[in-house]
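*Asks:* sequence? don't have it. structure:
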């Protein structure tokens, strides 16, 4: 009996290992099916206050096919891409500088944590008074909402490099360029990518917040229009559209992370 149990357990473990990808897909599909079923049931119960999933999908198609959603997406997409680019460039660069240069850390680290702890919404009135309502201030608001996962993740990753790694590089006579290429960048990349994946979603949230509070246009304007006319199908359709885009973008971020840090998987077997 014990041998049979161990054999069965081993077969189950092997099946889970070999089919891990398909099991993950099946679990994700089952959770989505359950969500859609609950949404449909609640929609049929609440009526106009919360429309069913099927009605939301039809409304989404109408907004995409002949409505304002696609033109609005182009407007929001520009703000989103600029925000995410600034987050990556400034977040990674400043995070490395704070970790590697003690004078920069002593001068600016406290202010960064103050900004991180301050609700960005509270800063919007000051930003609008000082800089106006155009594209630049909206980028600033979106960046303040979404840059900190990259900045803090990169900083902590660079600070957590084991001292023995740096000592070995010094023993072998590595130059500063070789030290960054062979030790610092490979070690920090997983931390930076973890922050970038979070910032991918937060940049979208920052884009919508900036559009809501500073001269509403883009997807936020479409969402506000649906709220103004009290059309729950319109609002849910736009919300669903935003969620789908966010999931796709985060998925792309995960693929990039797997490509950049595939050495880590190989090193741990």
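*Replies:* Nice, I can see it. As the structure is a prediction and not an experimental result, all values here were calculated from the model.

*Asks:* which residues in the stretch 101-250 of the chain form helices?
*Replies:* 102-117, 120-131, 135-146, 148-159, 163-171, 176-179, 185-213, 218-228, 232-260 (DSSP state H, counting those that start in this stretch).

*Asks:* Of all these, which one comes closest to residue 91?
*Replies:* Closest to residue 91 of these is helix 148-159 (C-beta to C-beta; 3.2 Å). C-beta here means a position set from N, CA and C on the backbone, and glycine is covered the same way.

*Asks:* Which neighbouring elements make contact with the closest one?
*Replies:* On a contact count with 3 or more C-beta pairs under 8 Å, 6 or more residues apart in numbering; DSSP states H and E, helix 148-159 meets helix 69-100, helix 102-117, helix 185-213.

*Asks:* Highest mean neighbour count out of those?
*Replies:* Greatest average neighbour count among these goes to helix 185-213 (a mean of 22), per mean count of other C-beta atoms under 10 Å.

*Asks:* that older thread, with mean pLDDT as added columns, please give the helices and strands packed on helix 148-159 in a markdown table.
*Replies:* Formatted as a markdown table, these follow (pLDDT from 0 to 100):
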| stretch | mean pLDDT |
| --- | --- |
| helix 69-100 | 92 |
| helix 102-117 | 88 |
| helix 185-213 | 89 |
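
*Asks:* Dump those to a markdown table, plus distance to residue 146.
*Replies:* Shown next, in a markdown table, are the helices and strands packed on helix 148-159 (distance: least, C-beta to C-beta, whole Å):
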| stretch | distance to residue 146 |
| --- | --- |
| helix 69-100 | 6 |
| helix 102-117 | 12 |
| helix 185-213 | 4 |
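
*Asks:* what's the closest of the ones you listed to residue 135?
*Replies:* Minimum separation from residue 135 across those (C-beta to C-beta) falls at helix 69-100, 7.1 Å.

*Asks:* what helices or strands is the closest one leaning on?
*Replies:* The helices and strands touching helix 69-100, judged by 3+ C-beta pairs under 8 Å, 6+ apart, are helix 53-65, helix 102-117, helix 135-146, helix 148-159, helix 185-213, helix 218-228.

*Asks:* For residue 24, find the nearest of the ones you listed.
*Replies:* helix 185-213 (17.2 Å).

*Asks:* Residue 32: what secondary structure?
*Replies:* In three-state terms, and counting by DSSP: H, G, I helix; E, B strand; the rest coil, residue 32 is helix.

*Asks:* separation between it and residue 50?
*Replies:* Going from residue 32 to residue 50 by C-beta to C-beta, to the nearest Å gives 19 Å.
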